[in-house]
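S.K.: sharing a model that was predicted from the sequence below.
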Amino acid sequence: MGELIVLHEPPESRHGRRPEDRPIEQLLHFGVFVADKPQGPSSHQVSAWVRDLLGLPRAGHAGTLDPRVTGVLPIALDNATRAVDAMLEGDKEYVGVLQLHQDVEEARVRAMLERFTGEVWQTPPVRSAVKRELRTRWIYELEPLELDGRLTLFRTRCESGTYIRTLCNDVGEALGVGGHMLDLRRTRTATFPEAEAHSLLDLKDAHVAWKEDGDESGLRRIVQPMESLLRHLPQIFVKDTAVDAICHGSNLAVPGVTRLSPGIKRGDLVALLTGKGEGVALANASMTTDEIVIAKSGIAADSKRVLMDPGTYPKLWK
């Protein structure tokens, strides 16, 4: 996203703490576990297992995977569920197998996959979590990795909310032979790659080691701070004096900005952060980066979802 633009460089704050320095108990209430979802259970079941295993009041996943689909499933823990909406802005990557119902020349298959790169129309499958209405989604990349008879191993990078099962059906129909998705694995969600995903057994072992032996190293290795859900968003860092006001629902005024990402456009979903990198709120930009840089007053961003508990920073507003 480019180097941050510095408007003010405040002194080191006496308040708050860096996300990675949170006590383990707090991390579990403001953390993210990236599950390597196995085949069989639903995404909701996996989230519930994580919630119950850690003894939390709630947990919520970002980006539903069908029971048969495996791979990267970020699960927000307790208060971190406030930040799940941020994942709607992140793209996804998958590796899957398309099975055609009749033989087709390899050159035609490759050409058809290339044709499906770009903006496509989709109707969600019958068994889906959303209303079945025709809509558009972007396929940024769609490449064949290996072709063997009627089977095509492919990789795709696509907009959040894209149905790969529907994509496979549509490719088969466009080829005139029909087709379906035989297998699918999600290899990345936003900035969470496959390498950061862990099994439920890993989580259980780490939790037992902490509870029984006081060893929190395993949990710290696999539970990330809530702020990892915001890594792909443009960032606006705010002064300590603005933090608690935002936590009480106020919008961010220009004088409260210290640093920000380049290229922010009006309406963009942005992450509001403290100087130590703690998530304060999700907001919609009311000004562009260039406008914020030259403005003396006005609203820089409209708060959408508060992430931080009020009172974490002192009340320095009237």
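M.R.: Sure thing, it's come through. Only a predicted model underlies this, so the values are computations on that prediction, with no experimental measurement involved.

S.K.: next helix or strand past the longest strand anywhere in the chain?
M.R.: If you go by DSSP state E, the chain has its longest strand at strand 135-148. Later in the chain than strand 135-148, the nearest helix or strand by DSSP states H and E is strand 151-158.

S.K.: do you know the pLDDT at Trp39?
M.R.: Careful, residue 39 is Gln and not Trp. The confidence metric pLDDT takes the value 98 at Gln39.

S.K.: now the helices for the chain?
M.R.: Listed in chain order, the helices of the chain (DSSP state H) span 24-29, 43-54, 106-115, 164-174, 200-213, 217-222, 240-247, 289-294.

S.K.: how's the protein carved up into domains?
M.R.: Domains of the chain are assigned by automatic domain parsing as 5-17+228-306, 20-87+192-226, 91-189.

S.K.: need those in TSV with mean neighbour count and distance to Thr312, can you?
M.R.: Any C-beta I mention is one placed from the backbone N, CA and C, and that applies to glycine too. Output for those, formatted as TSV (neighbours: other C-beta atoms under 10 Å; distance: least, C-beta to C-beta, whole Å):
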stretch	mean neighbour count	distance to Thr312
domain 5-17+228-306	18	6
domain 20-87+192-226	18	10
domain 91-189	16	28
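
S.K.: redo these as JSON lines? Include distance to Lys315.
M.R.: Below are the domains of the chain laid out as JSON lines (distance: least, C-beta to C-beta, whole Å):
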{"stretch": "domain 5-17+228-306", "distance to Lys315": "5"}
{"stretch": "domain 20-87+192-226", "distance to Lys315": "20"}
{"stretch": "domain 91-189", "distance to Lys315": "37"}
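
S.K.: my read: Met37 touches Val69, true?
M.R.: Met isn't right for residue 37; it's Lys. Yes. Using C-beta atoms under 8 Å, Lys37 is in contact with Val69, at 7.4 Å.

S.K.: most centrally placed residue in this protein?
M.R.: When C-alpha atoms, centre = their mean is applied to the chain, the residue found nearest the centroid is Met87 (3.0 Å).

S.K.: adjacent strands (with direction) for the longest strand of the chain?
M.R.: Strand 135-148 has its sheet partners listed here by DSSP bridges as strand 118-122 (antiparallel), strand 151-158 (antiparallel).

S.K.: can you list the neighbours in contact with stretch 91-107?
M.R.: Stretch 91-107 is contacted by residues 63, 71, 109, 140, 145, 147, 149-160, 162, 164, 168, 171-172, 175, 177-190 when judged by C-beta atoms under 8 Å, 6 or more residues apart in numbering.
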